[in-house]
Every structure is written in structure tokens, then in C-alpha cells.
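Novice: Everything below, folded, please.
(2 chains)
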2 protein chains.
Amino acid sequence: MTAAADGAHSSTPRRFPADAIEQFCRDVLAAAGADKATVDAATRAMMHGSRLGIDSHGVRLLDHYVRVLTEGRVNPNPNLRFLRKGGATTTLDADDAHGALAAFFAMEEAVRMAESFGIGAVAIRNSSHFGPAGAYALAAAERGMIGMAMCNSDSFVRLHDGAMRFHGTNPIACAVPVSGERPWLLDMATSAIPYNRIQLYKSLGRKLPAGTASRGDGEDTEEPGEAEMLAPLGGEFGYKGAGLAGLAEIFSAVLSGMRLSFEIAPMFGPDYSTPRGLGAFVMAIRPDAFGEDTGFEDGMRRYLATLRGSPARAGGKVMAPGDREWAEADRRAAEGIPLDPDTLEAFRRLAEGYGVGLPGNGDA
Amino acid sequence: MTAAADGAHSSTPRRFPADAIEQFCRDVLAAAGADKATVDAATRAMMHGSRLGIDSHGVRLLDHYVRVLTEGRVNPNPNLRFLRKGGATTTLDADDAHGALAAFFAMEEAVRMAESFGIGAVAIRNSSHFGPAGAYALAAAERGMIGMAMCNSDSFVRLHDGAMRFHGTNPIACAVPVSGERPWLLDMATSAIPYNRIQLYKSLGRKLPAGTASRGDGEDTEEPGEAEMLAPLGGEFGYKGAGLAGLAEIFSAVLSGMRLSFEIAPMFGPDYSTPRGLGAFVMAIRPDAFGEDTGFEDGMRRYLATLRGSPARAGGKVMAPGDREWAEADRRAAEGIPLDPDTLEAFRRLAEGYGVGLPGNGDA
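Specialist: Have a look, this model is predicted:
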């Protein structure tokens, strides 16, 4: 990825209206043979990333998704089915669907189960790369429920004191509805830093923060060029980050009987034709299903008001999870979504290949 | 607390058989007026801490628990009731019970609901200090289920970039059953370090690790004497630790309608007669309730075998969550449980006050 795609670079990338980018994604995915459900879900997930400023999981993935949908890794017309009906838990066999379709579909079922039982959990099997975990947690919050989503992915993060790539960046996301405002939204990798930070700092010639990346022998390095793996969240207390990665691994891959992180083929080739056997996990909880009115809405308001009004240290700013992303979403709604040069170039290739109009009146 | 209680000191504390210490706790709690359920639960929780080497939540709490049970903060004969029946979620109104009784009782109900629905979640209200979160998660794993437990507590941890005590150390615990061996057991505070580490390092004259504690203005300090608050887990990426603390806060206090961390009276006085209005949250998940056999047991074995066999960096050792604690439990089962001088002194006072025999043939 390029520096611009990370949003941390000072160059001014070109911006396009969200609607135009969204339509382009739909047109390209449909032209590539994806069924309507896949087009809807993959576009919704990518636009979540691109609207909220999480560009690593935004529309820069379109090119990759076209490749895996057309070369066989991902099934463009999957037959999704649930393995169990009747309780508040089930497994979705996603038939090698796009990971966003699997996750949104599973969360719909979790929400349905939570309507009946107060809570619903779905293990997902035979899925694929699912992009921004927060998108699926948010889908529950938009229905007035607490949502959680996790997945595992191919190994890139060492264990605490470890010297091999063991876990994926294994994100954990949670969204909580807040009356009258946008949800509280936590979406965090369990690694110390995101993988793309290494590539960004390499291109910028900057040193990495201490304790965030390691060489092949597990020793920490601040040189992006030496980094062979990421550290788990927590530095000296990295057993906590590694433990949280394990939690995501167990919920995503062990409950669903899928591949563990260290058994998963790499996301970026060389093989794009074999399904990767990814798992995931989603859960929905209905806040008003715990008995008499416990004042949930008032509690969230009180919590957030105190948090946002609390003193910051010099030069800092106190924010709730999601505040930064919602502010960026407002900015992008007004100013458009920035596309980095590599993504723009890929869009031009896709537009030409599929005979589809580019976003922004064709001047992309 | 003393250095010895942390287990990180080189002095040799006196050791006593677990059974003798357990009987002493039971005798003292009963003599102090606690009903049988309270005696059982509080003793079980403290012995979890003392057996597994988590001494901050072990029997050193006995003296404190006697005080709050006799002075009115904690109800020694509570009438526990559930606010809702019928689904997979409910709230336990604990009637100001000891937090361990509330949490074990709630987890029993979560397990019952998971037997029927695959999953069960209980919000806990009107509870009190609950000690080691891992004890309640483990209670589910001992029944073959995945258990989770969280709570909030009086504020001692700043937000990311924050300059006030906002969250408690808000632990998150998860236990996962493993066929033929002891459970995978994660029990972590969402702060960068435990509070008692500051007191320990102060007594040892050592500096704190960077980025783990702050002065009153929120600036980090490595001087234990200057520390006014803890940092959230994650250092430069402390928004992750703060987000996880928020997750525990929302599940524990907002779902249950209880006090937020910054609204909770301090654990250690001056008032020991008013209930503190603590919340908590427990959840049980039945691994075989997700559909056809997905190979959960095999998955956990494969995961743990690869983890424990993976290379460590120089001087390090790779462990799964709980491995350190289970090894310490073996050691303590063989050699006895160490009691620090302050705890021994409190035991002597309690023995005399209640006419109860001390552990270890009265020579404590």
C-alpha cells in the first residue's frame, strides 16, 4: 500500500464522492460475476472502511476481491446455510463466500436469535477475508443491539517471548448503540501495530515505535526493513495481547473447526484459486433483554458525557472508541473519499477491463 | 500489600497447606456471620487466587472481607434473585452479596441457559468486590463450556491521553475447556500493570516500566512515588487498552444499570458500611452447540500443541494463558501456599477475635 492510503501522509490524494465510489465497486463486482448478495456485502464492508477512514480495509481491496472472486478462491455465487436451528447459537457454512457476505449474513441471524433469546452467536466456517471487523459489529448496533465480531487470519504476529509468526492480527470489534448518536465502536487488531504501519514507516524512512515489531529470531527491532513479524499488544505485558489474539483465534477458528492462523495460506498469493478455510465469529446482545429497565441508555449517555468531558494530558485529546472514525466520516462525507495513486491506477484497469465507468465523471 | 504477597520478592515467606488455609477462611467467615453460600463462594474465589499464585486476589483479602461483611457494606445473608426468566439472558440482583457469591451464582445460571440455548449471559447488579475474574470463567470451563467474566471497579486507570482516573482496572477473563488437561485461562486487567505493582516497586526502590503509570497531570512517570494513576494497556496504542476497559465497563455496569467506575466509592474506606453498587457480567458458551461436530477438542489440542512447541526468543519461554498459573498451582499443591507477614498477622488477629484455630497446627 502507499503512504496516502494510510491517511498519515502529508500529500494530498484526490478525493471522490462516496456514492460514485460505491457505484463503481458495485458495477465492477457485478461485472466480475459476483451475485447480488456478494456485491451488496463486499461493497458495504469496503465502504465502511473508506467512509470511516480505515483505508487498509476500504476500496483499495476491490482489485484484490475481483481477483479472488474470478480465480476461484472466493465463491461468487455461494449457497450459505446454517448447521443448527433452534437455540441461540449456530454455525454458518459460508460455502467459500466473500467474508463480508458471510459476516453480515451471520450477524443477521445473530440479531434474529437475540430478538428471541436476548443473545445470539454464530460461528462462521468456510469463509474468506472479511475486511473491517467493525462493519459487522456496527450492523448489530444499527439494530439497537450490542454487536461483537472477531476473525483470525494468516500468521504475522509473534507470541509473547515468541520467535515465529503465530497469530494473525486477529481483530476484536464491539459496537454499542447510543441513543440519539452514532454507536460506540471499538475495532482493534490484537497486534501492537497494524501490518501496514511497517510498510508505511519503511516508505517514510521512519523508525517503528519500541516493542512493536521483531526480527526473525523474535528480538525487537525499530527498523521497518528488519521486521519479520509484529509484536502482540502490550509491550512488556504482551501476554495480554497474545491472550486476546488467542481468544479471537479460539472463537473464530476452533469453534468453527477452521484453520488456525498458522495453517492459513497467505492472503497475497501465489495461489488465488484455492479457498483458504477462514473462520470468524459474530454475536448480538439485546440490551433490554436482561430484565427490568436497567437504564442502559442513560448509562451510555452518562459514560460518554463524562469520558468526553474528562481532562486530557498536555497536547492530547480524549476520545471514545469510534469518535475519531465518525469525525473522519463527517469530513469524508463533505470533502469526498481520498484514493491513493495505486488504488486509482487499479480502478482505471478495472474500469477498462470490465467496460465500467470510473467514479467522478470518468476523470479518475 | 507486602512484597512477598506479590510473589516477586526474594524473601522466603512461610508456607501452609491449602486445605488448612481454606478451612481457616471458612471458619472465620462463618464466625463473622456469613451464610453458607457466602462462605463457600468467598472461600472458593480466594483459594483460586492463592492456589494459582494470584495473591493479590487470594486469602490476603480475608481480613477485608470480614470487615465489609460485619460493617454493613456486604450483605452476609443475601436474597439473590433473577429479574428475567425464559431466554438466554437475565440480570441477577445480588442484594449486596459478596461479589464471589454473586458471580458464581450468576455463572451457574449462565451455564444452565447455555445447556438449553447454547449460550447464556447474566448481568449482575448490586454486587461487591469480586476478586479473581478467572475463577468465574473457570467455573464454566469445569462444566465443559467456554466462560467469560468481567467487572468494573473504582477508578484508577486513565484514558488514552487522559489526565484523570477514569476506568477501574476492569478485568476480562475467559476460560476454555481442553480435553484431558486444565483449561486455557486468560485473566487480564485492561490496565498496563496491576495497581499492586506500583506499591511493590515503591517498596523495592525500583523504577516502573515506561508508559505504565502517570502523574496527576496524565504525564507518564517511572517513579512509583509519583504515580497517581495507571496507564491503559498498549503504551502508544493505549486507546486499545482503554477501549477494552470500556467494553468491560459497558458489559458490567451499563447493562446492569450499576455505578460507572468513576462513581464507585473506594474499596479501602473510609466508609465500610454502605453498599458500593458494583456490577459484573458473566457468559457461558457450549462449544458443541454450534451444529455438527466441528472438531472443537481437536482444534484446541492442535492450537496448544503448536503454541507450546513454538520457538521462543533468547531467554524467553512461550506459554499459553494459564500455563504459568497452573504450574504455580502444582508447586503450591506440593509445597504449600506462601503467606506474607501482613496476611499472617491479620490471620492471627482474626483467629483470636473469633476463637478459631490458625492454619498449620496453630503455629502460624
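
Novice: got the contact list for A:Ser116?
Specialist: A:88, B:87 (Cβ atoms under 8 Å, 6 or more residues apart in numbering or on different chains). Every C-beta, even on glycine, is put in place using the N, C-alpha and C of the backbone.

Novice: Could you look up the SS state of the residue of chain A most remote from its centre?
Specialist: Within chain A, the residue lying farthest from the chain centre (Cα atoms, centre = their mean) is A:Glu292, at 34.8 Å. At A:Glu292 the chain is in coil, as set by DSSP: H, G, I helix; E, B strand; the rest coil.

Novice: and A:Gly279, helix, strand or coil?
Specialist: Applying three-state DSSP: A:Gly279 is strand.

Novice: So it sits against A:Leu260, correct?
Specialist: No. The criterion here is Cβ atoms under 8 Å, and A:Gly279 misses it with A:Leu260 at 9.1 Å.

Novice: okay, these two: which has more neighbours?
Specialist: For A:Gly279 versus A:Leu260, the count of surrounding residues by other Cβ atoms under 10 Å in any protein chain shown is larger for A:Gly279: 30 against 23.

Novice: Now do the contacts for the nearest residue to the more buried one once chain neighbours are set aside.
Specialist: Excluding its sequence neighbours, the residue lying closest to A:Gly279 (Cβ to Cβ, 6 or more residues apart in numbering or on different chains) is A:Met258, at 3.3 Å. A:Met258 is in contact with A:125-127, A:152, A:252, A:277-279, counting by Cβ under 8 Å, 6+ apart.

Novice: Any of those residues buried? List them.
Specialist: When neighbours are counted using 16 or more other Cβ atoms under 10 Å in any protein chain shown, the contacts of A:Met258 contain these buried positions: A:125-127, A:152, A:252, A:277-279.

Novice: Which members of the contacts of A:Met258 are the farthest-apart pair?
Specialist: Among the contacts of A:Met258, the pair separated by the greatest distance (Cβ to Cβ) is A:Asn126 and A:Asn152, at 13.9 Å.

Novice: any residues in contact with both of A:Gly279 and A:Leu260?
Specialist: A:152, A:253.

Novice: Low-confidence ranges, chain A, go.
Specialist: A:1-11, A:361-364 (pLDDT under 70).

Novice: let's see 50
Specialist: Along chain A, the model assigns pLDDT under 50 to residues A:1-10.

Novice: Name the residues contacting each of A:Asn126 and A:Asn152.
Specialist: A:258, A:278.

Novice: now the helices for the stretch 251-364 of chain A?
Specialist: Counting by DSSP state H, counting those that start in this stretch, the stretch 251-364 of chain A has helices at residues A:296-308, A:323-335, A:341-354.

Novice: quick one: which of those is nearest chain B?
Specialist: For chain B, the closest of those is helix A:296-308, at 3.7 Å, according to Cβ to the nearest Cβ.

Novice: Count the residues that sit near the spatially closest residue to A:Pro266 that is not a sequence neighbour.
Specialist: Of all residues not flanking A:Pro266 in the chain, A:Asp154 sits nearest, at 5.4 Å (Cβ to Cβ, 6+ apart). Neighbours of A:Asp154 under the rule other Cβ under 10 Å: 20.

Novice: Please apply the same query to A:Glu223.
Specialist: The number of residues near A:Glu223, taken as other Cβ under 10 Å, comes to 13.

Novice: Now it. Its backbone dihedrals?
Specialist: Here is the backbone geometry of A:Glu223 (degrees, to the nearest 10): phi -90, psi 110.

Novice: For it, give me its contacts.
Specialist: Shown in contact with A:Glu223 (Cβ under 8 Å, 6+ apart): A:207-208.

Novice: how near is it to chain B?
Specialist: 17 Å (Cβ to the nearest Cβ, to the nearest Å).

Novice: and A:Met113, what does it touch?
Specialist: A:87-90, A:119-122, A:284.

Novice: quick check: angle from the helix or strand harbouring it to helix B:99-117?
Specialist: Applying DSSP states H and E as the criterion places A:Met113 in helix A:99-117. Relative orientation of helix A:99-117 versus helix B:99-117 (axes from the mean of the first three to the mean of the last three Cα atoms, to 10 degrees): 100 degrees.

Novice: Can you give the distance of helix A:99-117 from its chain's centre?
Specialist: 17 Å (Cα atoms, centre = their mean, to the nearest Å).

Novice: next one: stretch A:131-149
Specialist: 11 Å.

Novice: Quick test: name the residue nearest the centre of chain A.
Specialist: A:Pro132 (1.5 Å).

Novice: Just to check, that one is in contact with A:Arg51?
Specialist: No. Using Cβ under 8 Å, A:Pro132 makes no contact with A:Arg51, being 10.2 Å away.

Novice: So which bits of the stretch 251-364 of chain A are right by chain B?
Specialist: When proximity is defined by Cβ under 8 Å from any Cβ of the partner chain, the stretch 251-364 of chain A lies next to chain B at A:253-257, A:260, A:262, A:285-287, A:289-296, A:299-300, A:302-303, A:306-307, A:310-314, A:316-321.

Novice: let's see it at 6 Å
Specialist: Listed as neighbours of chain B in the stretch 251-364 of chain A under the rule Cβ under 6 Å from any Cβ of the partner chain: A:254-257, A:260, A:289-292, A:294-296, A:299-300, A:303, A:310-313, A:316-318, A:321.

Novice: Check the secondary structure at A:Thr43 for me.
Specialist: A:Thr43 ends up helix, using three-state DSSP.

Novice: What separation is there between the nearest residue to it once chain neighbours are set aside and chain B?
Specialist: Nearest residue to A:Thr43, sequence neighbours excluded (Cβ to Cβ, 6+ apart): A:Cys25, at 4.5 Å. Distance, A:Cys25 to chain B, by Cβ to the nearest Cβ: 29 Å.

Novice: Am I right that A:Cys25 sits in a strand?
Specialist: No. Under the criterion used here (three-state DSSP), A:Cys25 is helix, not part of a strand.

Novice: how about it, what does it touch?
Specialist: Neighbouring residues of A:Cys25 by Cβ atoms under 6 Å, 6 or more residues apart in numbering or on different chains: A:43, A:59, A:62.

Novice: List buried residues within those.
Specialist: Looks like the contacts of A:Cys25 have A:43, A:59, A:62 buried, using 16+ other Cβ under 10 Å.

Novice: Closest one of those to A:Arg14?
Specialist: For those, the nearest to A:Arg14 is A:Val59 (13.1 Å; Cβ to Cβ).

Novice: separation between the closest one and B:Gly322?
Specialist: 42 Å (Cβ to Cβ, to the nearest Å).

Novice: Likewise for A:Gly144?
Specialist: From A:Gly144 to B:Gly322 the distance is 36 Å (Cβ to Cβ).

Novice: Neighbour count: the two, which is higher?
Specialist: The neighbour comparison of A:Gly144 against B:Gly322 (other Cβ under 10 Å) goes to B:Gly322, with 24 against 15.

Novice: you'd agree that one is up against B:Leu185?
Specialist: Yes. Using Cβ atoms under 6 Å, B:Gly322 is in contact with B:Leu185, at 3.2 Å.

Novice: In contact with A:Leu101, which residues are there?
Specialist: Contact analysis of A:Leu101 by Cβ under 6 Å, 6+ apart lists A:37-38, A:41.

Novice: again, 7 Å this time
Specialist: Shown in contact with A:Leu101 (Cβ atoms under 7 Å, 6 or more residues apart in numbering or on different chains): A:37-38, A:41-42.

Novice: Equivalent analysis for A:Cys174, please.
Specialist: Applying Cβ under 7 Å, 6+ apart, one finds that A:Cys174 lies in contact with A:137, A:146-148, A:186, B:247.

Novice: All set, thanks.
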